[in-house]
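When you get a sec, could you give me coordinates for this:
(2 chains)
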Amino acid sequence: MSFTTRAVLVALAATTMLAAAEARTLKWARAGDSLTLDPHAQNEGPTHTLAHHLYEPLIIRDHTGKQMPALATSWAITADPNVWEFKLRQGVKFHDGADFDADDVVFSLERAMQPTSDMKGLLTSIEKVTKVDAFTVQIRTKGPNPLLPNNLGDLFIMDKGWAEKNNVTKVQDFKNKEENFAVRNANGTGPFMLVSREPDVKTVMKRNENYWGKGQVPLEITEIIYTPIKADATRVAALLSGDVDFVQDLPVQDIERLRQDKKLKVNSGPENRTIFFGFNVGDADLKSDNVDGKNPFADLRVRQAMNMAVNRQAIQRVVMRGESVPTGIIMPPFVNGWTKELDAAPAVDVAAAKKLLADAGYPNGFQTTLHCPNDRYVNDEAICQAVVGMWGAIGIKVNLVSQSKSIHFTLLQKQPPESDFYMLGWGVPTFDSDYIFSFLYHTRAGSRGSWNATRYSNPEIDKLIQTLSAETDLAKRNATIAQIWAKLKADTVYIPVHHQALSYGMKAEFDIPVDVSNQPKLKFVSFKRS
Amino acid sequence: MLAYSLRSLAQGALVLVAVAFIAFSMFRFVGDPVVNMLGQEATLQDRRELTERLGLDAPFPVQFARFIGNAARGEFGVSYRQGRKVSDLIRERLPATLELALLSAIFATGAGILLGVYAAINRDGFLSNLVMTGSLVGVSLPTFLIGIGLIYVFAVELRWLPSFGRGETVALGWWNTGLLTDSGRKSLIMPVLTLGFFQLTLIMRLVRAEMLEVMRAEFIRFARARGVGERTIQLRHALRNTLIPVVTIAGLQLGSVIAFAIVTETVFQWPGLGALFVNAVQFADVPVMAAYLMFVAAVFVVVNLIVDLTYFALDPRLRSGARLAKGH
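Below is the predicted model of the structure:
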């Protein structure tokens, strides 16, 4: 070997070593894949999580739920209370090199409001989006909407030119039998660029070297390989064997063991999701119970008794292995309106519960049927089995029907609902109580109350809820929220159980904090220096 | 033989329609896809609109007729879950499942026949007894446990093999193969063992029992009396006569290996049709479920036909019978 060839080889080796030190790949696994790369086609957690790496919204939330500027740099209500103005970030480029400006924002928001868009539900208050200048956009709402920015956290901005060129200006309509180009291709402004995508198998992304936020966020990962692994045991095995670096959706029974492993790290934190039970409190009589001519759930004392009988600590300890936060309210602590008093659950008191039941006219209890999903929430079916026993202790015999989420949610969605007693979980993407009131407590009518299968209908509360969306005085608004919660908590329309906790497992060199919306954003991740 | 094949094909078509009908009447019980397709902010109005757009509000006979009409033209619609054409999805996933199933079948049949013959010849040998006992484990352990057990030994503890997936694949036209890369071949080992293990024990026990039976037959005794060597008797005369039932079973098992690789594919996150189906069921993704079930039915029909034709090749009596029939 001549000297020059050797020199070249040495130089080559040196550069590859350098590149190896620079290249930092993160192999990421969770239970399910994103359903589509089209940012407005599915309003669903894993889909948004992946999209957050390729696309960006105007305003993003960090892992604690705090809002941060993304494609918008500032936003405020104008002199007209019905108009919001957003100043856009300048000098941002899409992955294909196109410039980002106000036209893209107007286009994307209008696209997300199309009838076939799955995101339109978050934008119903918008009347019109207009461009003021190249980097200013105004949004006119149908009435004052002081919390509009809360709804924009998962509304991603596409490039108008790219969408037109690829014929994806419309969100996919499932009636058309063709796939849309945006389903497997992406052109956003996000911190990572799409390299390849095989749905349900593997998605590879590489760092966007022209990312506007370079220097503001760590952005140390150069490549992400995202693979869904459906089976719990396999997902854990993949982490243990080193085939993946970062795992979401850890089964609770494995968390303790993973914590013991020195090469691994487990981060836990509360999730923006509360698990609770709802009853039919409205009908005069129920078909699903053994009481004739009466609806036991319509009696506040029965609901209070059942609330008292639930041993939340036992569920946390035994069923959830510590991976939950017991609560007395359907609202995680980081949501506007949360107080410690509301969060408190009644102490377990079987004797008092029995007395309440006897006072209500059911000294020997009654029989009823509980519907429960078995593939939606963490240990959903096991929680139901546990509470069935607890209600048995006060004389209420509960038949448990657990089934797949597709069937379970259909029961609740029917009008009238086909369940009198059910489990449900609720997350609050807007981080405000109004979202909970509107969907879970408002009378089922129009765009409100769609998840209220309790038949609870209180015109006074409805009126108060409606005032919230237009109230611009935040202090006054918060007072109304407190007033509504006080009444709802006293009415015991639901029995809250706990806030779900989340755990992420990873190799010890990473430290990825739990994201309250379960949408980890990897641009914020840095490596541990060894 | 041609008439026979045509008759089989006609029967096959009938089977497909029947399967479609049964599958379709079951779909009501997997839930409403619209609930999964719309986010939690969707209003009742939105749900009604989407239901209408998808034609899910039509009565059952109308939906079924529509499906059959489209299916006859090879049109299975788009997946509710992924928004992609179902025919594309099936075509993409088919190579993974077929490679896995065929290798498992080869492994199960080859090893099964070898072990079965060995166990029959050395009836009371220590090794035969060990193999027979081991096969009991294979029959009684659920596939899921075997898979997880293999993963923990070979992926987590020894770190010889990847714990999930298919490794790197190479595209040959539309066929994606894992056989041409190192990681692809390594990824195949555990799923093939897992999927093939049950079939292996089944075939082995069958071969052993048949072989023992045949060895007691008169023609074997004649052969012995004529002084034919023991090896020749065992491998040429006895084994050949045991193979007819073995081919039937192995063939039918191949159908079920392709169709029911679901568990193995789920355990190993194998990107095949079974995994596609499991995801579809959870989402109530009717177009994918329907197409998959039709596909499985078609596989069984074809495999049955092939098994029938193989009889002709294996059994001279059937062949001469056919020739005789033609002569009339």
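
what's the nearest residue to residue B:41 once chain neighbours are set aside in contact with, if anything?
Sequence neighbours aside, residue A:121 is the residue nearest to residue B:41 in space, at 2.9 Å (criterion: C-beta to C-beta, 6 or more residues apart in numbering or on different chains). Using the backbone N, CA and C atoms, a C-beta is placed for each residue, glycine as well. Counting by C-beta atoms under 8 Å, 6 or more residues apart in numbering or on different chains, residue A:121 makes contact with A:43, A:447, B:39, B:41, B:42, B:43, B:46.

tell me the contacts of the fourth one?
Neighbouring residues of residue B:41 by C-beta under 8 Å, 6+ apart: A:43, A:121, A:122, A:439, A:450.

quick check, nearest of these to residue A:380?
Top of the list for closeness to residue A:380, among the contacts of residue B:41 and by C-beta to C-beta, is residue A:439 at 19.4 Å.

how far away is that closest one from chain B?
To chain B, residue A:439 is 7 Å away according to C-beta to the nearest C-beta, to the nearest Å.

did I read that right, that residue in a strand?
No: read with DSSP: H, G, I helix; E, B strand; the rest coil, residue A:439 is helix and lies in no strand.

what about it, neighbour count?
20 (other C-beta atoms under 10 Å in any protein chain shown).

Now do the same contact list for the residue nearest to it when sequence neighbours are not counted.
Using C-beta to C-beta, 6+ apart and skipping the chain neighbours, the partner closest in space to residue A:439 is residue A:451 (4.6 Å). Contact partners of residue A:451, counting by C-beta under 8 Å, 6+ apart, are A:412, A:424, A:426, A:439, A:440, B:40.

swap in residue A:74?
Neighbour list for residue A:74: A:86, A:87 [criterion: C-beta under 8 Å, 6+ apart].

In which helix or strand does it reside?
For residue A:74, the element it lies in under DSSP states H and E is strand A:72-77.

what comes up buried for that strand?
Applying a neighbour-count criterion of 16 or more other C-beta atoms under 10 Å in any protein chain shown, one finds A:72, A:75, A:77 buried in strand A:72-77.

Out of the contacts of residue A:451, which comes closest to residue B:188?
Lowest distance from residue B:188 to the contacts of residue A:451 (C-beta to C-beta) belongs to residue B:40, with 40.8 Å.

Can you give me the buried ones in the following helix or strand past the strand holding residue A:74?
Per DSSP H and E, the first helix or strand lying C-terminal to strand A:72-77 is strand A:83-88. The neighbour-count check on strand A:83-88 (16+ other C-beta under 10 Å) flags A:83, A:84, A:85, A:86, A:87, A:88 as buried.

Next: stretch A:492-507.
Under the neighbour-count criterion of 16+ other C-beta under 10 Å, stretch A:492-507 has A:492-507 buried.

export that stretch as PDB, just CAs?
Provided in PDB are the C-alpha atoms of stretch A:492-507 (Å, rounded to 0.1, in the frame of the first residue of the first chain):
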ATOM      1  CA  THR A 492     -72.300  14.000  41.200                       C
ATOM      2  CA  VAL A 493     -73.200  13.500  37.600                       C
ATOM      3  CA  TYR A 494     -70.100  11.300  37.200                       C
ATOM      4  CA  ILE A 495     -67.800   9.300  39.400                       C
ATOM      5  CA  PRO A 496     -64.200  10.300  38.700                       C
ATOM      6  CA  VAL A 497     -61.600   7.700  39.400                       C
ATOM      7  CA  HIS A 498     -58.100   8.900  38.500                       C
ATOM      8  CA  HIS A 499     -55.900  10.800  36.200                       C
ATOM      9  CA  GLN A 500     -54.000   8.300  34.100                       C
ATOM     10  CA  ALA A 501     -50.200   8.500  34.600                       C
ATOM     11  CA  LEU A 502     -47.800   8.100  31.700                       C
ATOM     12  CA  SER A 503     -44.500   6.400  31.600                       C
ATOM     13  CA  TYR A 504     -41.800   6.500  29.000                       C
ATOM     14  CA  GLY A 505     -39.000   4.000  28.900                       C
ATOM     15  CA  MET A 506     -35.600   4.900  27.300                       C
ATOM     16  CA  LYS A 507     -31.900   4.200  27.200                       C
END
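
mean confidence for that stretch?
Mean pLDDT, stretch A:492-507: 95.

That stretch near chain B at all?
No: judged by C-beta under 8 Å from any C-beta of the partner chain, stretch A:492-507 and chain B are separated, with a smallest distance of 13.7 Å.

OK, contacts around residue B:102?
residue B:254.

check which helix or strand covers it.
Using DSSP H and E, the element containing residue B:102 is helix B:86-121.

hmm, back to that, can you put the buried residues of strand A:83-88 in CSV and add distance to chain B?
Shown next, in CSV, are these (distance: C-beta to the nearest C-beta, whole Å):
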residue, distance to chain B
A:83, 23
A:84, 19
A:85, 25
A:86, 22
A:87, 27
A:88, 25
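
starting at the chain centroid, how far to stretch A:177-193?
Computed by C-alpha atoms, centre = their mean, to the nearest Å, the separation of stretch A:177-193 from the middle of its chain amounts to 22 Å.

Can you measure across it, start residue to end residue?
Stretch A:177-193 stretches 28 Å from its first residue to its last (C-alpha to C-alpha, to the nearest Å).

Quick check: mean pLDDT of that stretch?
Confidence for stretch A:177-193, expressed as mean pLDDT, is 92.

about what we covered before: could you give the average pLDDT over the strand holding residue A:74?
96.

Name the strands paired with it and say parallel or antiparallel.
Using DSSP bridges, strand A:72-77 pairs in its sheet with strand A:83-88 (antiparallel).
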